[in-house]
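Chemist: mind folding the following:
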Amino acid sequence: MKQFKQLALALAATLSLAAQADINVGVTLSATGPAASLGIPEKNTVALMPTTIAGQKVNYIVLDDASDTTTAVANTRKFITENKVDIVIGSTVTPNSLAMIDAVAESGTPMISMAASARIVEPIDAKKRWVFKTPQNDIMMTLAILNHMAANGVKTIGFIGFADAYGEGWWGEFNKLAPSMKLNIVASERYNRTDTSVTGQVLKLVAAKPDAIIIAGSGTPAALPQKALKERGYTGKVYQTHGVANNDFLRVGGKDVEGTLLPSGPVLVASQLPADHPVRKSALDYITKYEAAHGKGSVSTFGGHAWDAGLLMAAAVPEALKKAQPGTPAFRAALRDALENVKNVAGAHGVFNMSATDHLGLDQRARVMVKIENGTWKLVK
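Modeler: The predicted structure follows:
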């Protein structure tokens, strides 16, 4: 009888420990390299995420992929095989995120990307069913730019973008949608994130004399073509993507980026939003927390993408815990299912409503047009 009681107590203790298993989160981001101005605020934001969700302790294992695709994949596989993570958050940029999909799909681990391209989650198939993301899709932001162009007398467009998945994603949307709005693309150029000169490309763009030029880049490398355009005397409108919405871009671009127009998540100009805007309150909540840790004016939209990833995870975990315990394939599958059914989660960038056919879940409330004016971000009303 005594042995039986001891065995029962041991079993109860084991079950108790299992019930209290930690949730392990693997985060790979680009804190160094060309995308560092995006990855650093993301890393800072991870430190603000909850360490307990629904009574379960949450551990964040954060690795720097140095803006490198191979390293991002290696980090992901390390999370899965060594850290036994329940979910992966990352990476910062599109090429890295696309490369990580095979690893998470093979292991049945849900992933929330902080990169923009729709190709990360579309079309949803056997692999991408494990993948979600928080930044707005290219097409959503492309339409914002094209609508602004059409409403402001632009007829001809020059395009220059990164020679990678980010730039090509934007080119695909612009090339597809511009003709339907009677906008003519008269020049198209590419450059690499690590290039130090784009003189040749800019000379071709200026020679085509477009009314406006769109630069499809992200982070501080997106300032390079704009500086070169300024040097060559280009006086037309310049548009950037939401990939430049941080203070490092303003610092590097300086006076050369004055007047730039771009689409952005509402968090960039949260205090300028109307009182009844559905994202104002949730965006200001993130700003308050981030600035308390890093100082006034330190917020960028990229940290907001990380914050929203944390909110989605926090919304999904309680539902997953009803079905399985952390550290198991069943929990990872339940977490994936719960993420797919997240509804009305208000974040820094928008209101998320996921579904089996939509692993972004944002609508037009997740975008505004912004202008760089006197070195600051101004809401275009």
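
Chemist: so who does Arg243 touch?
Modeler: No Arg there; residue 243 is Gly. Shown in contact with Gly243 (CB atoms under 8 Å, 6 or more residues apart in numbering): 38, 116, 166, 216-219, 222. All C-beta spots, glycine's among them, are computed from the backbone N, C-alpha and C.

Chemist: pLDDT score for it?
Modeler: Per-residue pLDDT puts Gly243 at 91.

Chemist: which of the three states applies to it?
Modeler: Look at Gly243: counting by DSSP: H, G, I helix; E, B strand; the rest coil, its state is helix.

Chemist: do Asn59 as well
Modeler: strand.

Chemist: what residue ranges in this protein score low on pLDDT?
Modeler: The chain contains residues with pLDDT under 70 at 1-20.

Chemist: so which residue is smack in the middle of this structure?
Modeler: Nearest residue to the geometric centre of the chain (CA atoms, centre = their mean): Met114, 3.1 Å.

Chemist: for that residue, give me its contacts.
Modeler: Going by CB under 8 Å, 6+ apart, Met114 touches 29, 42, 89-92, 97, 133-135, 302, 305-306, 309.

Chemist: tabulate these (CSV), appending neighbour count, secondary structure and distance to His277.
Modeler: Converted to CSV, those look like this (neighbours: other CB atoms under 10 Å; DSSP: H, G, I helix; E, B strand; the rest coil; distance: CB to CB, whole Å):
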residue, neighbour count, secondary structure, distance to His277
Leu29, 32, strand, 29
Glu42, 27, helix, 24
Ile89, 29, strand, 27
Gly90, 30, strand, 29
Ser91, 34, coil, 30
Thr92, 32, coil, 27
Ser97, 29, helix, 29
Lys133, 27, strand, 23
Thr134, 29, coil, 19
Pro135, 29, coil, 19
Phe302, 33, helix, 21
His305, 30, helix, 19
Ala306, 30, helix, 22
Ala309, 28, helix, 22
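
Chemist: the contacts of Gly243: which two are farthest apart?
Modeler: Longest distance between any two of the contacts of Gly243 is 14.9 Å, between Leu38 and Ala216; criterion CB to CB.

Chemist: the two: who's more crowded?
Modeler: Using other CB atoms under 10 Å, the more surrounded residue of Leu38 and Ala216 is Leu38, with 32 against 25.

Chemist: and the more buried one, which of the three is it?
Modeler: In three-state terms, and counting by three-state DSSP, Leu38 is helix.

Chemist: please name the nearest non-neighbouring residue to it.
Modeler: Phe302 (4.3 Å; CB to CB, 6 or more residues apart in numbering).

Chemist: now do the same contact list for the closest residue to the residue nearest to the centre of the chain other than its chain neighbours.
Modeler: Closest residue in space to Met114, ignoring its immediate chain neighbours: His305 at 4.3 Å, by CB to CB, 6+ apart. Counting by CB under 8 Å, 6+ apart, His305 touches 42, 114, 134-135, 265, 348-349.

Chemist: could you rerun that using 7 Å?
Modeler: Contacts for His305 (CB atoms under 7 Å, 6 or more residues apart in numbering) come out as 42, 114, 134-135, 349.
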